[in-house]
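Student: Below are the sequence and a predicted model; questions follow.
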Amino acid sequence: MLKKYATLILLILFITFSSDALAQTPCPNPGGPGPCNPPPVPVDGGIGILLAIGVGYAVSKLKKD
């Protein structure tokens with residue numbers, strides 16, 4: 001039972017804090033002069049693929065048992 005709650009809490013924390021993950025710091029003065037090249041890039045391209053693979057693996061493991 002404790003493992004279920006711990007997994008649920010970790011999942012909620014991951015979803016909550018992963019939306020703010022950026023590869024670079026935000027531009028201090030967007031559109032104006034200053035070192036802002038390139039603009040911030042969100043980190044989510046490979047994470048979606050890894051998440052899909054993990055879900056597929058979990059489903060296959062659950063079907064075996």
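Tutor: Cool, got the structure.
Student: what about Val55, how many residues close to it?
Tutor: Using other C-beta atoms under 10 Å, Val55 has 10 neighbouring residues. C-beta here means a position set from N, CA and C on the backbone, and glycine is covered the same way.
Student: Now it. Its backbone dihedrals?
Tutor: In terms of degrees, to the nearest 10, the main-chain angles of Val55 are phi -70, psi -40.
Student: How about Ile49?
Tutor: phi -70, psi -50.
Student: tell me the pLDDT at it?
Tutor: On pLDDT, Ile49 comes in at 81.
Student: which ones are touching it?
Tutor: For Ile49, no residue meets the contact criterion (C-beta atoms under 8 Å, 6 or more residues apart in numbering).
Student: do you know how far it is from Lys64?
Tutor: 23 Å (C-beta to C-beta, to the nearest Å).
Student: what do you get for Ala52?
Tutor: 19 Å.
Student: In the protein, where is pLDDT below threshold?
Tutor: 19-27, 29-45, 65 (pLDDT under 70).
Student: which stretches of it form helices?
Tutor: 2-18, 45-64 (DSSP state H).
Student: Switch those helices over to CSV; also include distance to Pro28.
Tutor: CSV is the format used below for those (distance: least, C-beta to C-beta, whole Å):
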stretch, distance to Pro28
helix 2-18, 23
helix 45-64, 25
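Student: Pull the number of nearby residues for the closest residue to Ser18 other than its chain neighbours.
Tutor: Nearest non-adjacent residue to Ser18, counting by C-beta to C-beta, 6 or more residues apart in numbering: Ile47, 7.4 Å away. Residues lying near Ile47 (other C-beta under 10 Å) number 12.
Student: and if you look at Gly48?
Tutor: 9.
Student: cool, and Leu8?
Tutor: Neighbour tally, Leu8, other C-beta under 10 Å: 10.
Student: That one: what's it in contact with?
Tutor: With contact set as C-beta under 8 Å, 6+ apart, Leu8 has no partners.
Student: I'd like the distance from it to Ile15, if you could.
Tutor: 11 Å.
Student: same check, this time on Lys63
Tutor: As for Lys63, its distance to Ile15 is 25 Å (criterion: C-beta to C-beta).
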